[in-house]
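>>> build me a model from this:
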Amino acid sequence: MKNLKQYLLINIVFIMYSLIGVIGKINAMNSIPFSIKFFAIFTIQVFLMVIYTVIWQISIKNIDLTNAFAFKGATIIWGMVFAKVIFNEMITLTNIIGAFIIALGILVVVKSE
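Numbers count the residues shown, from 1 in each chain. Next up is the predicted model:
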């Protein structure tokens, strides 16, 4: 059960990491460069990155580093989900096959533990 909590925390961390990129894209699309709004949103990104880094460091103390890095591939999957949900971007069959291969790789690494 402890490992399940750690894997859940790792996934939450990588969801947060993916959202940082989403915030950056929103900032780039909706802000004038070097405006107050631009720097305010950029500050939020930096703040979230600091939180992500701290939680990541705590997580890798409690989980095998190989498994932790295997889950980093999930950021691509989360990125695809956010691209579709937030920006209504098109997801191709190639994207889905790639996401499936990444998920399969994560499963193989975690199951080998």
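>>> can you get me a residue count around L104?
10 (other C-beta atoms under 10 Å). (C-beta placed from N, C-alpha, C; glycine too.)
>>> would you indicate which residues of the helix or strand where it lies are buried?
Applying DSSP states H and E as the criterion places L104 in helix 93-111. Within helix 93-111, the residues that count as buried by 16 or more other C-beta atoms under 10 Å are N95, A99, I102, I106, V109.
>>> average pLDDT for that helix?
For helix 93-111, mean pLDDT rounds to 87.
>>> kindly export that helix (C-alpha atoms) in CSV.
Extracted in CSV, the C-alpha atoms of helix 93-111 (Å, rounded to 0.1, in the frame of the first residue of the first chain):
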residue,chain,number,x,y,z
LEU,A,93,-3.5,7.7,-34.2
THR,A,94,0.3,8.0,-34.0
ASN,A,95,-0.1,10.0,-30.8
ILE,A,96,-2.3,7.3,-29.3
ILE,A,97,0.1,4.5,-30.3
GLY,A,98,3.0,6.4,-28.8
ALA,A,99,1.1,7.0,-25.6
PHE,A,100,0.2,3.3,-25.5
ILE,A,101,3.9,2.3,-25.9
ILE,A,102,4.9,4.7,-23.1
ALA,A,103,2.2,3.3,-20.8
LEU,A,104,3.3,-0.2,-21.6
GLY,A,105,6.9,0.7,-20.8
ILE,A,106,5.9,2.2,-17.5
LEU,A,107,3.9,-1.0,-16.7
VAL,A,108,6.9,-3.2,-17.6
VAL,A,109,9.3,-1.2,-15.3
VAL,A,110,6.9,-1.1,-12.4
LYS,A,111,5.9,-4.8,-12.7
